[in-house]
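Undergrad: show me the folded form of this:
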Amino acid sequence: MRCTSVKICNKEICLPDKRLYWKVEAEVAKQQEGKRGSSSRSEAQDKAISIIRLRADLQGAIESENYALAAKLRDEISKLEAESLAVSAKALAHENANYSFRLGQRVRHQNFGYRAVVCGMDPVCCESSSWMETAQVEKLSRGSNQPFYQVLVDVHADPNLLVAYVAEDNLLAPDTPDLDRFDHPYISFLFYGMDAAGDFIPIKQLREKFNRPRHEIPLDEEPGGDA
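TA: Numbering: from 1, shown residues only. Got it, this is the predicted structure:
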């Protein structure tokens, strides 16, 4: 069987070559590129190293009385320091984010009603300003300053949507365990299977990507019961 190597949550996975996969791949790639906290930490470290090097160059330029170069280096250092501060703040937001929903948790969109499963998360909205304007994010009670989730949408609810980026304000957890059938072409690649509450158990790579712990209710344990 032919297969296609695709990137989900920045992990290469070999999938059967079906035409519908490119839609999901494009959505996930667009939503997750440059959004992860681990990337932010790495970027902050790179900028800090660059600043140290530029300061050494600045000292050399001053000692050699090359003041034109020194002025240019000062400007570059100031720019990098501002960028580094912004990146560090972003990394801290990822590390300290308080999420209401877990990877693999079943949810429902409170406005559109479709069922979905959480497959990724951001501490704040990481889409462009034009996307936020179109989605009317500013009308939400917490606006863009709240967790946003990548969710896999049940193909029976909307076969053309597949992947959505949704504000925490617009997601609801089921009142009782949702054990009904859930179909999506990527479920078996991102999750091991269902637990007793009907939620899906994320694979190790997915948990590590978002620095989330493993959570599941064993099949021999009643949801909400004592451990």
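
Undergrad: and after the helix ranked longest in the chain, which helix or strand comes next?
TA: The longest helix of the chain (DSSP state H) is helix 67-96. Downstream of helix 67-96, the next assigned helix or strand under DSSP states H and E is strand 106-109.

Undergrad: who's in contact with that following strand?
TA: For strand 106-109, the external contacting residues (C-beta atoms under 8 Å, 6 or more residues apart in numbering) are 101, 114-118, 149, 151, 164, 166, 170-174, 178, 182, 198-200. For every residue, glycine as well, the C-beta is placed using N, CA and C.

Undergrad: what's the distance between Ser78 and Ala61?
TA: Going from Ser78 to Ala61 by C-beta to C-beta, to the nearest Å gives 15 Å.

Undergrad: and the helices in this structure, which stretches?
TA: Under DSSP H, the chain gives helices at 21-32, 37-63, 67-96, 129-134, 187-190, 204-210.

Undergrad: for Gln110, which of the ones you listed is the nearest?
TA: Ranking the helices of the chain by proximity to Gln110 (C-beta to C-beta) places helix 129-134 first, at 18.6 Å.

Undergrad: list the buried ones in the closest one?
TA: Met132 (16 or more other C-beta atoms under 10 Å).

Undergrad: give me the number of residues near Ser188?
TA: By other C-beta atoms under 10 Å, 12 other residues sit near Ser188.

Undergrad: re the thing from before, the contacts of strand 106-109, buried ones only, as a PyMOL selection?
TA: Buried subset of these, written as a PyMOL selection, criterion 16+ other C-beta under 10 Å:
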select buried, resi 101+114+115+116+117+118+149+151+164+166+170+171+174+178+182+198+199+200
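
Undergrad: where does the chain dip in pLDDT?
TA: Counting by pLDDT under 70, the chain has low-confidence residues at 1-42, 89-95, 218-227.

Undergrad: re earlier: output the helices of the chain as CSV; include the columns distance to Arg106.
TA: Converted to CSV, the helices of the chain look like this (distance: least, C-beta to C-beta, whole Å):
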stretch, distance to Arg106
helix 21-32, 18
helix 37-63, 25
helix 67-96, 24
helix 129-134, 25
helix 187-190, 11
helix 204-210, 16
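
Undergrad: export the strand ranked longest in the chain to PDB, keeping only CA atoms.
TA: The longest strand of the chain (DSSP state E) is strand 115-122. Written as PDB, here are the backbone C-alpha positions of strand 115-122 (Å, rounded to 0.1, in the frame of the first residue of the first chain):
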ATOM      1  CA  ARG A 115     -18.400  16.800  18.600                       C
ATOM      2  CA  ALA A 116     -14.600  16.900  18.600                       C
ATOM      3  CA  VAL A 117     -11.500  15.600  20.300                       C
ATOM      4  CA  VAL A 118      -8.700  17.900  21.600                       C
ATOM      5  CA  CYS A 119      -5.400  17.200  19.700                       C
ATOM      6  CA  GLY A 120      -3.400  20.400  20.500                       C
ATOM      7  CA  MET A 121      -3.500  23.600  22.500                       C
ATOM      8  CA  ASP A 122      -2.100  27.100  22.800                       C
END
